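Visitor: Below is the sequence, then the predicted model.
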Amino acid sequence: MSRIMLIIFLVLCSLSSLITSSNGSGTKQLRFNPENGKFRILQVTDMNFADGWMTPCEDVLPNQFAHCSDHMTSEFIYRLIEAEKPDLIVFTGYNIYGPDATDAVKSLNAAFSPAINSKIPWAAVLGNHDQESTLSRKNVMKHIVGMENTLSQLNPSGFDDIDGYGNYNLEVYGAEGSSYVNDSILNLYFLDSGDYSTLPSAIPGYGWIKPSQQRISSAYVNSGFFTRLVEQFDVKAVFTGHDHLNDFCGELAGINLCYGGGSGYHGYGKAGWSRRARMVEVSLRKLLNGEWGSVKSIKTWKRLDDENLTPIDGKLLWTYQPDKDCIRKGFGYYSLVSQFF
């Protein structure tokens with residue numbers, strides 16, 4: 001069996017019934033689409049949502065400013081969902097801008113409303129401003145976990161000593177009708193990279209991934225997290241938020257590292273530089289018997305919030321190489337990792 005791992009810091013429509021099912025515990029089970037052998041993830045990052053219509057936009061053109069508010073962000077997400085019809089929506093942090101959100105619960109409900117109304121499964125991790133309103137970081141995540149259609153989790157059960165809130169993984173199973181139907185062939189890891197340093201006098205700036213989270217804009221501390229990813233051999237891509245004007249992908253030691261850009265209008269940006277979101281498409285191999293097999297490739301592109309939702313920067317991140325992958329990982333286990341830096 002071949003499996004892929006993506007880390008997402010952190011990542012719908014009538015099709016959702018084809019790609020999700022119950023696993024017996026009432027939780028939706030993510031699954032590759034049996035019609036086309038694909039699993040599609042919409043990454044939305046840095047929404048910076050605050051108080052809706054009352055919240056002005058930042059760094060937009062003069063002719064946009066007068067009627068621009070948080071609802072421009074919501075409209076963008078609705079359009080993305082309609083255009084891309086993702087199987088999973090992933091919010092990679094900075095979901096609300098706490099200092100300007102007078103009621104964290106109302107802001108969170110409004111920020112995630114496009115995903116909730118779409119009936120598509122969604123998941124989220126936190127950024128460095130989500131807890132700066134009326135809820136603590138833990139309670140922000142607890143509220144998200146209790147929202148409709150979300151697959152978000154507070155932390156893994158049985159790991160009470162793990163740092164942060166929102167460390168969990170989601171497994172994606174093979175297509176219905178295939179021999180992989182009961183196999184998890186894609187693993188999505190979500191990690192809380194923290195907000196700010198817990199040792200500001202010695203180490204200023206942002207927080208970092210802690211050793212307790214390594215059981216499988218960066219900080220000054222090198223905690224060895226990336227080394228651990230490389231050592232697993234099965235991590236193929238990491239998707240992150242936080243830097244609104246960074247939206248590039250680069251490869252290091254065989255792992256693709258991708259920024260999502262900025263999706264929200266209340267956070268900093270650049271006038272004339274369209275807000276954007278990232279798509280990730282994972283495709284299965286077609287076997288000789290006509291069944292869908294294990295993961296064949298991972299592609300990504302971005303959509304701009306312009307008149308045509310222009311797709312840009314399409315890129316093949318990884319493709320299955322039988323000899324190489326079998327040598328490195330036996331029958332393979334591949335993953336995607338997602339966090340918020």
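Guide: Now that the structure is in, tell me what you want to look at.

Visitor: just the helices in the stretch 51-200 of the chain please.
Guide: Secondary structure of the stretch 51-200 of the chain by DSSP state H, counting those that start in this stretch: the helices cover 62-65, 70-84, 104-111, 113-118, 137-145.

Visitor: Tell me how many other residues crowd S274.
Guide: Around S274 there are 17 other residues, counting by other C-beta atoms under 10 Å. Any C-beta I mention is one placed from the backbone N, CA and C, and that applies to glycine too.

Visitor: picking up where we left off before, make CSV from the helices of the stretch 51-200 of the chain and add distance to A253 to it.
Guide: Putting the helices of the stretch 51-200 of the chain into CSV (distance: least, C-beta to C-beta, whole Å) gives the following:
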stretch, distance to A253
helix 62-65, 41
helix 70-84, 30
helix 104-111, 35
helix 113-118, 33
helix 137-145, 31
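
Visitor: Which of those helices sits closest to A277?
Guide: For these, proximity to A277 was assessed by C-beta to C-beta; helix 70-84 is nearest, at 5.5 Å.

Visitor: ok, A271 - contacts?
Guide: Applying C-beta atoms under 8 Å, 6 or more residues apart in numbering, we find A271 in contact with 59-61.

Visitor: nope, E58 is what I meant
Guide: By C-beta under 8 Å, 6+ apart, the neighbours of E58 are 48, 265-269.

Visitor: Buried only: go through those for me.
Guide: Buried subset of the contacts of E58 (neighbour count, 16 or more other C-beta atoms under 10 Å): 48, 265-267, 269.

Visitor: Inside strands: which ones of the residues you listed?
Guide: Of the buried ones among the contacts of E58, none are assigned to strands by DSSP state E.

Visitor: closest to D100 among the residues you listed?
Guide: For the buried ones among the contacts of E58, the nearest to D100 is H266 (7.0 Å; C-beta to C-beta).

Visitor: Show the pLDDT at the closest residue to that closest one other than its chain neighbours.
Guide: Excluding the flanking residues, the one nearest H266 by C-beta to C-beta, 6 or more residues apart in numbering is N48, at 4.1 Å. If you check N48, the pLDDT there is 88.

Visitor: Now for N48: which residues touch it?
Guide: 58, 73, 94, 96-97, 129, 262, 264-267.

Visitor: need the longest strand for the protein.
Guide: Identified as the longest strand of the chain according to DSSP E is strand 292-304.

Visitor: Could you list the buried residues of it?
Guide: Buried residues in strand 292-304 (16+ other C-beta under 10 Å): 292-300, 302-304.

Visitor: Export those as JSON lines, with columns for pLDDT and distance to A175.
Guide: Shown next, in JSON lines, are the buried residues of strand 292-304 (pLDDT from 0 to 100; distance: C-beta to C-beta, whole Å):
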{"residue": "W292", "pLDDT": "96", "distance to A175": "4"}
{"residue": "G293", "pLDDT": "94", "distance to A175": "9"}
{"residue": "S294", "pLDDT": "92", "distance to A175": "11"}
{"residue": "V295", "pLDDT": "94", "distance to A175": "11"}
{"residue": "K296", "pLDDT": "95", "distance to A175": "12"}
{"residue": "S297", "pLDDT": "95", "distance to A175": "15"}
{"residue": "I298", "pLDDT": "96", "distance to A175": "17"}
{"residue": "K299", "pLDDT": "97", "distance to A175": "18"}
{"residue": "T300", "pLDDT": "97", "distance to A175": "21"}
{"residue": "K302", "pLDDT": "97", "distance to A175": "27"}
{"residue": "R303", "pLDDT": "97", "distance to A175": "26"}
{"residue": "L304", "pLDDT": "97", "distance to A175": "31"}
